[in-house]
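A.B. asks: The following comprises the amino acid sequence and a computationally predicted model.
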Amino acid sequence: MEEIPRAPSPAGHKHLVRIGTCDHCLGRLGGKKRFEQSLEESGIEIRNLVTERDSHLSDARTEQPLCPFCENLYEESELLADIIFDSISPYELSRLQLGARIPKDQIEHEEEMRKRFGAGGSDALKSGLVRVIAQHLNKRLEGVTLVNDKPQVLALIDVLTLTVELDIRAHYLYGRYLKLERGIPQTRWPCRACKGRGCQRCEQTGLQYKKSVQDLIGNPLLGLFEADEHAFHGMGREDIDVRCMGRGRPFVIEMKEPKIRSIDAAKAMELINKEADGSIKITGLRDSNRSEVVRVKDTPAEKSYTIRFRILPLSEEEMKVLTAPVDLTHVDVQERGGKGKKKSSKRKRRGDKKNDHKKPLPSVIDVPVGPDEATLKAMKKPELVAMAEEMKLKKSGTKPELIERILAAGPPAPTYLDLPENDEILETITKLSGVKLAQRTPERVAHRRADLIRRRTVYETSNPTIEMMEDGVREVEFTLRCESGTYVKETVHGDGGRTQPSLSSLIKAKCEVLWLDVGDIHAD
């Protein structure tokens, strides 16, 4: 017994023919394939050379009908190509990738035999099979390129069941949207009662709000692309009660499993804007890709806002809360580029594990304030008795005696600061340009964001105006441009001392925000 040499030696070819190797595997393992020659043609040529020398091997394939390498899979390659062609026929595509699912034990067995008898550098079973199927498909597909990465459709062949599983990649569109109506969230908001399952409260829609920017843009596109679903990716987001004006907010919308990929973007924009009926408007719609989703999500763009608020009296106690010392030990962990700063290779985000968020930051100071004399006089005597009982005071006596007793025992009534003059307000707004803010996560979003102190900059303020209303309260409106991630409402009203400095603390008056608009997003 002597060791059988590997192909492409004549003895190696003779052994491959003897054990019943099919023509495709003979060409794949024989090491004799020439340029532009198919595996089957090369295998037939090798077989003819062997049978010319050893005619008794001419019936070897009949005597051994099952190929020991591929188990006759290559003979089914044309059938598999037909199955793939039929399965992708409903889809419009230009880039197709093929893959194969072969049992692990079959691959291991073929690998062992190929290393023992096949020529060095010969193709593996899976890659060779996929290449043969691709050759069959190339003859039938028009305008479709077979690729190894970034496909529009991935066809995965299961050789056991002779079926094909399709992975339809999403199609992406980029544009900008203007939100012209308040009360519309950016993305779908599941119903709080049923968590999106559908109930009487949400009229079986599963949505807290019937309209969203995502649905107003995505739903008309579903029909155009014949897609199953859509996902929305915006460059930041605005609050539900905030409009987005100017050039609009950049976004990428993802159409999942589309059957159609080429549409007229201008007609699509016209359809979306018509069906939105003035709620939103989109511009600049064009084809995009997954890489632009990352760019849009990660771009920290500066933004301009217009805000309007009322000037109301502020008590001394409320002023103490607005100016209470801020714990700056838990600063923002998101790195922001600047001169002299080294760029880290790993991008850090808000909520990084380096901070311990289990231990909450200390709360702002709580200054107890009691009722004033006018409020107590307006109350009925039983209410005063109940208040005295709650404060563990003597309950007997006349109403004036109860009022005097409660005022003496309880915390003092609030003392209000004088309202600022118009010139002082305008000057303070102007001086807000260039101010660096320390903003602790607002209470309204604390349930979904890490409790941190974020440092943000107001770059510019402009166009401040003051208007006296019929009820005698002044309303102020101005425009500001600030760093990405700035909480603008909190910059004005102070959020109970969680943002410092705030306009409210600087002018020593309560600022009640009426509305906020995004003026422009300075990106793209």
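C.D. replies: Everything's here; your move. Residues are numbered from 1 along each chain as shown.
A.B. asks: Need the three-state assignment for Phe232.
C.D. replies: strand (DSSP: H, G, I helix; E, B strand; the rest coil).
A.B. asks: now it: how far from Gln186?
C.D. replies: Distance, Phe232 to Gln186, using C-beta to C-beta, to the nearest Å: 7 Å. (Each C-beta comes from the backbone N, C-alpha and C, glycine too.)
A.B. asks: Also Glu41?
C.D. replies: 59 Å.
A.B. asks: before we move on, the earlier item: please enumerate the shared neighbours of Phe232 and Gln186.
C.D. replies: In terms of C-beta atoms under 8 Å, 6 or more residues apart in numbering, Phe232 and Gln186 are both contacted by the residues 213-214.
A.B. asks: circling back: compare Glu41 and Gln186 (neighbour count), which wins?
C.D. replies: Gln186 (21 against 15; other C-beta atoms under 10 Å).
A.B. asks: Could you pull up the contacting residues of the more buried one?
C.D. replies: Applying C-beta under 8 Å, 6+ apart, the residues near Gln186 are 179, 212-214, 232, 234, 237-238.
A.B. asks: Glu477 too?
C.D. replies: Glu477 neighbours (C-beta under 8 Å, 6+ apart): 306-309, 463-465, 467.
A.B. asks: now, which of these lie within strands?
C.D. replies: 306-309, 463-465, 467 (DSSP state E).
A.B. asks: out of these, which are buried?
C.D. replies: 306-309, 464 (16 or more other C-beta atoms under 10 Å).
A.B. asks: Take the contacts of Glu477 and lay them out in a markdown table including distance to Val513.
C.D. replies: A markdown table is the format used below for those (distance: C-beta to C-beta, whole Å):
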| residue | distance to Val513 |
| --- | --- |
| Thr306 | 12 |
| Ile307 | 7 |
| Arg308 | 8 |
| Phe309 | 5 |
| Asn463 | 17 |
| Pro464 | 15 |
| Thr465 | 16 |
| Glu467 | 15 |
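A.B. asks: mind putting these in TSV, distance to Gly519 and pLDDT included?
C.D. replies: Listed next are those as TSV, based on distance: C-beta to C-beta, whole Å; pLDDT from 0 to 100:
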residue	distance to Gly519	pLDDT
Thr306	5	96
Ile307	10	96
Arg308	13	96
Phe309	16	96
Asn463	10	93
Pro464	14	94
Thr465	15	95
Glu467	19	95
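A.B. asks: between these, which is nearest Arg131?
C.D. replies: Thr306 (61.1 Å; C-beta to C-beta).
A.B. asks: my guess is that closest one meets Val513, correct?
C.D. replies: No: if you go by C-beta atoms under 8 Å, Thr306 and Val513 don't touch, sitting 11.8 Å apart.
A.B. asks: check contacts around the residue nearest the centre of the chain.
C.D. replies: The C-alpha lying nearest the average C-alpha coordinate of the chain belongs to His233 (C-alpha atoms, centre = their mean; 5.1 Å). Going by C-beta under 8 Å, 6+ apart, His233 touches 251-254, 293, 296-297.
A.B. asks: what does Pro190 give?
C.D. replies: 196, 206-208.
A.B. asks: And for Leu207?
C.D. replies: 188-191, 196.
A.B. asks: now do Pro65
C.D. replies: 20, 72.
A.B. asks: Which element, helix or strand, includes it?
C.D. replies: For Pro65, there is no host helix or strand (DSSP states H and E).
A.B. asks: and the gap between it and Ser462?
C.D. replies: 85 Å.
A.B. asks: quick one: the strands in the stretch 301-450 of the chain?
C.D. replies: 302-312, 436-440 (DSSP state E, counting those that start in this stretch).
A.B. asks: now those as JSON lines including distance to Met269?
C.D. replies: Output for these, formatted as JSON lines (distance: least, C-beta to C-beta, whole Å):
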{"stretch": "strand 302-312", "distance to Met269": "24"}
{"stretch": "strand 436-440", "distance to Met269": "37"}
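A.B. asks: Which one of those has the poorest average confidence?
C.D. replies: Comparing mean pLDDT across the strands of the stretch 301-450 of the chain, the lowest value falls on strand 436-440: a mean of 91.
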